[in-house]
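Engineer: Output the structure for:
(2 chains)
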Amino acid sequence: MSVLLLLAAAAAAAAAPVADAPATKPRLDYGRLIDDAIDGGRIVQAESMFGQWRTESGQSDDGQVEIAAARLALAKGQDVEAETRFASISQAGSKDCRVDEGLGIARLRLGHRVEASEALRRAVDHCPGRWRAWNALGVAYDAEKAWPLSAAAYEKAFQLTDKPVQVLNNYGLSMMAQGQAEKAASIYAKALELAPDDRRIISNADAAQVMAGRDISRRADDDANSWAKRLGAAGQVALRMGDAIKARAYLSRAVTESESYQPEAAAALASLGIKP
Amino acid sequence: MTRRVVAIALIFMSAACSSVNREVAIRSVNSEAVAAGQDALARGDLLFSRGEHALALDAYRRAIRQNPADAHALNGVAISYAAMGRHDLARDYFELALARAPQDERIHRNFARSLMAQGLPAEANALLAQIGQGATHSLARRPTLAELAAAGAGARMVGPVQAAGLELERMSLGEVRLRTLAVSATRTVLPGRMTSQLNTAIVTVADARGNEPTISLSRELKAPIVEMAAGPRAAEAKRAASLGCAAKGARLPATGYSIDLVPLGSDAKTSQACPTMAGGDEPESMFEKLWKWSGERG
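Structural biologist: Here you go, the predicted structure:
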């Protein structure tokens, strides 16, 4: 009798977890969510979701997991890995717009300009609505000094993008590379309206101003050290332009107006024969 | 004989296994951990609503130790950091919370508030656009790059400090105080606000050699001023509109971050009201507005 009772209790205990099992979660579109996170620069989120996706999907997602892995590697700056992954997917015959775009950007970063241009041209031929591909193609044309082509590529990117500051920054650099400092300064003025705190834009805008023969001015948000860094960078630009007088003035101010030691400015001054 | 021995042995074995005088309590081995995690979350919510952000952070961290995938706890750590001004540390936790609850609108809005406070409105709007809120991408034609390049350089580069006010005050026979109010032309630190800098210089005017006056700067004081650019109501309404919630009489909390979350899998589309928390105005309802965990943990 006791044996029978024990067996019955064991059977009931085995059935209980099934009855209490939680409802299944709704299936998420991980591919789209990871794409959005990567495009938004949210790499931590993308990486975390990618881990969840691999755990849940296994091997059944038709290469979408591989594309996400390649894009994630590219977003993390692991360009060699990204290039290898994208090339492998491309050779497998994928026609996904993200593959040629990613392959081109990875190759561009690795300095393989010709191969990068080929991939990026394929990308914009098949998917003309992808601004990142146009933007990267503009950079590739800049490297070849094909200025009219690069201007056209940046224009397409600028009209398509929701992140105009990136395109403006690249176009401004293109203008400076062509020696058109006034135009570059105009472009950076616009970029600063959109992103007034972006250090990269501030630095490039200063360079354009110095190239255009104008002085840079201190912002209300600059503390002594950040202002000194800007002065030092302006001095370096003047030095490269061969304007030793202006370079010395900027670098001296960088050293004297900073609250901490500015090694780059001091070294540049020393190269001019001045002991800071 | 053998059968009898086996029967007796079975009787003794079954008697030893039976529990006539003992009650068998069946409980999950993880129940204490789950309870501790929920306690930590509740404590974190309460401390955060009282404005004790550092203690709230500690409580939320304890909850994460119990369940590293808990979006509520991850969001709690993020908003605690953000409320302390450490947006750099908040960012990773906002992203991890979004990874665990990618459809939760409140995490999106909290993250967007943090981005706005950092002066990153474009990124904040892009985030809000994913939940159908925020400023939508304008369909109007942009000027071309060539038009922008030809627009004239140098008109407005890095916002220079502009003297917006000037005041001289005599301190003594030999000293005057020079006050200048500098206003940044381009930057707004917080939505609806602008930053000014009050510069006060004590200038000593002394007749050193009888006929030649000299001027020297004795000391200089600088203090940032944050002032409302528009009326508080207008700024509130603007901020509320940018964050996709109705402002109707709702007062935003001091920090502007909401701590209540909708569990993954529940209907996350319905909440459009501004999140309010404890902080002075509605003490009687503060516990009702805190989110209580009711979904499965995962």
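
Engineer: From what I see, A:Cys97 and A:Pro128 are in contact.
Structural biologist: No - using CB atoms under 8 Å, A:Cys97 makes no contact with A:Pro128, being 9.7 Å away. The C-beta positions use only the backbone N, C-alpha and C, and glycine is treated the same way.

Engineer: Looking at those two, which is more packed in?
Structural biologist: A:Cys97 (17 against 13; other CB atoms under 10 Å in any protein chain shown).

Engineer: What does B:Met84 show for phi and psi?
Structural biologist: Main-chain torsions, B:Met84, degrees, to the nearest 10: phi -90, psi 0.

Engineer: For it, grab the count of nearby residues.
Structural biologist: 15.

Engineer: number of nearby residues for the closest residue to it other than its chain neighbours?
Structural biologist: Spatially, and ignoring its direct neighbours in sequence, B:Met84 is nearest to B:His53 (5.2 Å; CB to CB, 6 or more residues apart in numbering or on different chains). Per other CB under 10 Å, the neighbour tally for B:His53 reads 20.

Engineer: Tell me who's in contact with B:His53.
Structural biologist: B:Leu47, B:Ser80, B:Ala83, B:Met84, B:Thr255 (CB atoms under 8 Å, 6 or more residues apart in numbering or on different chains).

Engineer: Mind doing that once more with 7 Å?
Structural biologist: B:Ser80, B:Ala83, B:Met84 (CB atoms under 7 Å, 6 or more residues apart in numbering or on different chains).

Engineer: Hmm, the first one is touching B:Leu57, no?
Structural biologist: Read that as B:Ser80. Yes - here B:Ser80 reaches B:Leu57: they are 3.8 Å apart, a contact under CB atoms under 7 Å.

Engineer: which ones are touching residue 63?
Structural biologist: Going with chain A. Applying CB under 7 Å, 6+ apart, the residues contacting A:Gly63 are A:Ile89, A:Ser94.

Engineer: sorry, should have said chain B
Structural biologist: By CB under 7 Å, 6+ apart, the neighbours of B:Ala63 are B:Gly37, B:Ala40, B:Leu41, B:Gly44, B:Asp70, B:Ala73.

Engineer: so can I have CSV of these showing secondary structure, neighbour count and distance to chain A?
Structural biologist: As requested, the contacts of B:Ala63 are arranged in CSV below (DSSP: H, G, I helix; E, B strand; the rest coil; neighbours: other CB atoms under 10 Å in any protein chain shown; distance: CB to the nearest CB, whole Å):
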residue, secondary structure, neighbour count, distance to chain A
B:Gly37, helix, 22, 16
B:Ala40, helix, 23, 21
B:Leu41, helix, 26, 19
B:Gly44, helix, 29, 21
B:Asp70, coil, 25, 13
B:Ala73, helix, 29, 14
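
Engineer: can you give me the helices in the stretch 151-276 of chain A?
Structural biologist: A:164-177, A:181-194, A:199-211, A:224-241, A:244-257, A:263-271 (DSSP state H, counting those that start in this stretch).

Engineer: Tell me which of those helices approaches A:Tyr154 most closely.
Structural biologist: For A:Tyr154, the closest of the helices of the stretch 151-276 of chain A is helix A:164-177, at 4.5 Å, according to CB to CB.

Engineer: contacts for the closest one?
Structural biologist: Residues contacting helix A:164-177 (CB under 7 Å, 6+ apart): A:135, A:138-139, A:142, A:150, A:154, A:157-158, A:161, A:183-184, A:187-188, A:190-191, A:194-195, A:198, A:200-201, A:204, A:207-208, A:211, B:145, B:149.

Engineer: Now the phi/psi pair for the residue nearest to B:Gly119 when sequence neighbours are not counted, please.
Structural biologist: Excluding the flanking residues, the one nearest B:Gly119 by CB to CB, 6+ apart is A:Asp197, at 4.4 Å. Dihedral pair for A:Asp197: phi -110, psi 0, per degrees, to the nearest 10.

Engineer: interface residues of the stretch 151-276 of chain A facing chain B?
Structural biologist: A:154-155, A:158-159, A:162-163, A:171, A:175, A:182-183, A:185-187, A:189-190, A:192, A:194, A:196-197, A:202, A:205-206, A:209, A:212, A:214, A:216-221 (CB under 7 Å from any CB of the partner chain).
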